[in-house]
Every structure is written in structure tokens, then in C-alpha cells.
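Got a sequence here, can you model it:
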Amino acid sequence: MARRLRFIPEGGALVEVTCRTIHGRFLLKPSRRLNQIVLGVLGRAQRKQPVKLVSFVFLSNHYHLLLWVPNAQRLAAFMNFFNGNLAKEAGRLTNWREKFWSRRYRGRRCQQLAQKGPGGRRACTHLERSRRVGVEDQR
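Sure thing, here's the model as predicted:
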């Protein structure tokens, strides 16, 4: 199967990014230590590849990011750094030494999501309105 094109129009775009762990395993199980790792890796990724992080949500087996990116190259560089380092650190925390992510991240412009119907509009609106930066509650 061919890879999807990752087109970002000139001037930048709001992009919703989703990435899932391999086999839907709970490798991102919430804890104080994982929260620190996620925030640290996000911070380093932003410092290396400046993008505007609007909102993020991490669940036990996947995450969503809402990013404002200037171009597709910046998005790719940011995600390369972020996914690689998060997999390394979270894998170390959970003693997982195999492949961490099920596939490449899925990045969709919010405009494209809105055109797909009510589900896409709800997802983007929910993430855009989210003022509180969140990581799943600890149990």
C-alpha cells in the first residue's frame, strides 16, 4: 500500500496527529514517570523542530497531538524525533525491547477532517477547544 501524501499548504496548517502502539498494547500506561517522559520528549522535540503544540492527549495505547506546522518537512522532522525518543524512553520504562509503534503516524489537516463529516469535525473541535494540556489520569 502506498504512503499517504503529507501536504501542508504554504503558510502552515493545523494538523491532528495520531499514533498507536503495536497491537494496541498498553505500553503508554499512565504513571507519574511516563508523564515526565512525555513532557520531556515533547519539550525537546519542540526545541529541535519548532512547531506550535496546541493540544495533546495520551492514552494507554495511542496518542493524539494537535499541531500548527509551517510545512510538511518540519512535521516529519518533529515526528521522527518525537516518536523515536518516546519509544526509546517508554520502552525502557516498560521493559519493551521490540517494535513500539504499529505503523507510521497519521497526520491529517483539520480542514480535511472537517470535510469528512460530523465525526471529523467533532474530533478537531474537541482538540482545538481543549485548553488543558492533558495526559491520561493516573490510576
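
so how far is residue 47 from residue 30?
25 Å (CB to CB, to the nearest Å). Where you see a C-beta, it was placed from the backbone N, CA and C, and this is true even at glycine.

Which one's more surrounded, those two?
For the pair residue 30 and residue 47, the greater number of neighbours falls to residue 30 (17 against 9), based on other CB atoms under 10 Å.

what's near enough to touch residue 26?
60-61 (CB atoms under 8 Å, 6 or more residues apart in numbering).

Need the three-state assignment for it.
Classification of residue 26 using DSSP: H, G, I helix; E, B strand; the rest coil returns coil.

shaky segments in this protein?
Low-confidence regions of the chain, defined here as pLDDT under 70, cover residues 1-5, 112-139.

mind running it again at 80?
Counting by pLDDT under 80, the chain contains low-confidence residues at 1-6, 111-139.

what's across from the residue nearest the centre of it in the sheet?
The residue at the geometric middle of the chain, judged as the C-alpha nearest the mean C-alpha position with CA atoms, centre = their mean, is residue 65 (3.9 Å). With DSSP bridges applied, residue 65 shows beta-bridge pairing to residue 17, residue 56.

ok, now which ones touch it?
For residue 65, the contacting residues are 16-17, 53, 55-56, taking CB under 8 Å, 6+ apart as the criterion.

before we move on, what about residue 17?
Residues in contact with residue 17, defined by CB under 8 Å, 6+ apart, are 64-67, 75, 79, 105-108.
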